[in-house]
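> Quick one, structure for this:
(one chain, ligands or ions: 2)
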Amino acid sequence: MIIEDKNVDYSILDRKGFIDTEPDPSLDLFAEIEKIKKEKNAVILAHYYQESDIQDVADYIGDSLGLAQNAVRTPADIIVFAGVHFMAETAKILNPHKKVIMPDSKAGCSLADSCPPALFKKFKEENPGHVVISYINCTAEIKALSDIICTSSNAIKVVESVSVDTPIIFAPDKNLGRYIEKKTGRKMVLWNGSCMVHEIFSLEKITKLKHRHPNAKVIAHPECEEPVLHIADFIGSTTGLLKYSQEDSANEYIVATETGIIHQMQIKSPHKTFIPAPPDNLCACNDCPHMKRNTLEKLYISMLYELPEIIMEKELLEKARLPIERMLDISARAGL
Ligand code: 13P
Ligand code: SF4
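Ligands and ions are numbered 1, 2, ... in the order given. Below you'll find the predicted structure:
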């Protein structure tokens, strides 16, 4: 649904409402983007899985928690969210009166898609009396059905904030859920969802790679499956993995998460070697196809035309805000 804004040129949209134009190839997009940022008082928030060019023009690069915290703090009038839809939606929920745009509105998430709201509502009804903790990688509808949201960097603190005699439903990522169960000793009712990127890593190929690089440490995101987490030397959110790679004394790392993060790892530790963990398929690629829908060209076009904009129903937006605010409070109290 698009609310008409008289300052916006909708003629660039095709019949389905998607952007149908490209920038002039002779333009210096880096310079043009900087110019628009100043003219429109816009801020670019980007996730670590974005392509390198986007990371290089971003004002803030971070994990899901850092991005949500920055979305609250920013004095900018326009938030340009270079990430996937649930992230831009979260920024809008936290800033209902600001314009939030993203380079490609089709940038979704397999994990968010694995938890349809109607089925999740039924699942909740089948498990009455549970506190619902949902990973931020879910739709606004799921957030509205949840009590507290968490990210990979605060999930342990969020689960620990619930009294031990209260049963918990954890959705939608079963791998993160199992990992949190192990770390906290709390048994939870898990929704059976997962991320297509983190599920694809091959334990066999990582083990062979380890033989060829005996000094390399395996660092993994908790969305990975249990056998990969089992052999990991360090497990953490994208920010956690980046920080570990900077502070740790090893010189080589096998990185079991989306490859975009390696750009920042390499910038922060130019003398170290980062090897993407091999996936269990024939191509050597573990890029997130959703994150990688965003390009520098689409970023420029979205800023120029202020489209596509995140538009949400007021009622949904308000229902989804409280569980996110609870997460931000718990994180602030924990110093995260
Ligand atoms: P974090 O960056 O919060 O660790 O999340 C990873 C992810 O899969 C985002 O889609
Ligand atoms: Fe979703 Fe996985 Fe892509 Fe993150 S990496 S956006 S969880 S599909």
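> Which residues of this structure lie near ligand 2?
Residues of the chain lying near ligand 2 by C-beta under 6 Å from any ligand atom: 49, 84, 109-111, 137, 195-197, 258, 288, 290-291. Quick note: C-beta positions are derived from backbone N, CA and C, even for glycine.
> mind listing the strands in this structure by residue range?
Ranges of strands within the chain are 42-47, 60-62, 78-82, 99-101, 131-135, 148-150, 168-171, 189-190, 217-220, 234-235, 252-256, 273-276, based on DSSP state E.
> Take the residues of the chain next to ligand 2 and keep only those in helices.
110-111 (DSSP state H).
> And the pLDDT for the closest residue to residue 33 other than its chain neighbours?
Sequence neighbours aside, residue 57 is the residue nearest to residue 33 in space, at 5.1 Å (criterion: C-beta to C-beta, 6 or more residues apart in numbering). On pLDDT, residue 57 comes in at 98.
> now swap in residue 104 and tell me
96.
> pLDDT weak spots in the chain?
Judged by pLDDT under 70, the chain has its weakly predicted residues at 1-4, 282-284.
> Tell me how far the residue most central in space within it lies from ligand 1.
Of all residues in the chain, the one closest to the mean position by C-alpha atoms, centre = their mean is residue 64, 4.8 Å from it. Using C-beta to the nearest ligand atom, to the nearest Å, residue 64 is found at 3 Å from ligand 1.
> Confirm for me that that residue is in contact with residue 89.
No. Judged on C-beta atoms under 8 Å, residue 64 makes no contact with residue 89 at a distance of 11.9 Å.
> wait, what's in contact with the residue lying closest to residue 36 once chain neighbours are set aside?
Counting by C-beta to C-beta, 6+ apart, residue 36 lies nearest to residue 303, which is 4.6 Å off, once chain neighbours are set aside. Applying C-beta atoms under 8 Å, 6 or more residues apart in numbering to residue 303 gives the contacts 33, 36-37, 40, 42, 78, 80, 101.
> which one of those has the most neighbours?
The most crowded member of the contacts of residue 303, judged by other C-beta atoms under 10 Å, is residue 80 (29 neighbours).
> in the sheet, who's paired with that one?
Counting by DSSP bridges, residue 80 forms beta bridges with residue 44, residue 101.
> returning to what we had before: name all residues that make contact with the residue nearest to residue 33.
By C-beta under 8 Å, 6+ apart, residue 57 lies in contact with 30, 33-34, 44, 296, 299.
> what do you get for residue 158?
Counting by C-beta under 8 Å, 6+ apart, residue 158 touches 133, 148-150, 327, 330.
> can we see that at 6 Å?
Residues in contact with residue 158, defined by C-beta atoms under 6 Å, 6 or more residues apart in numbering, are 133, 148, 150, 330.
> where's the third one relative to residue 13, distance?
Distance from residue 150 to residue 13, counting by C-beta to C-beta, to the nearest Å: 36 Å.
> Looking at the two, which has the bigger crowd around it?
Neighbour comparison, residue 150 and residue 13: the larger count goes to residue 150, with 28 against 17 (by other C-beta under 10 Å).
> now the residue lying closest to the more buried one once chain neighbours are set aside: how far from residue 106?
With sequence-adjacent residues excluded and distances taken as C-beta to C-beta, 6+ apart, residue 150 is closest to residue 158, at 3.9 Å. Between residue 158 and residue 106 the distance is 30 Å, computed by C-beta to C-beta.
> Quick check: of the contacts of residue 158, which has the highest neighbour count?
residue 150 (28 neighbours).
> Dig out what that one forms beta bridges with.
Residues in a beta bridge with residue 150, per DSSP bridges, are residue 135.
> Contact partners for it?
133, 158, 327.
> Leaving out the residues flanking it, which one is nearest to the last one?
When the adjacent residues along the chain are set aside, residue 327 lies closest to residue 149, with 4.4 Å between them (C-beta to C-beta, 6+ apart).
> and the closest residue to residue 47 other than its chain neighbours, how many neighbours?
Once flanking residues are discounted, residue 47 sits nearest to residue 83: 4.0 Å by C-beta to C-beta, 6+ apart. Residues near residue 83, counting by other C-beta under 10 Å, number 26.
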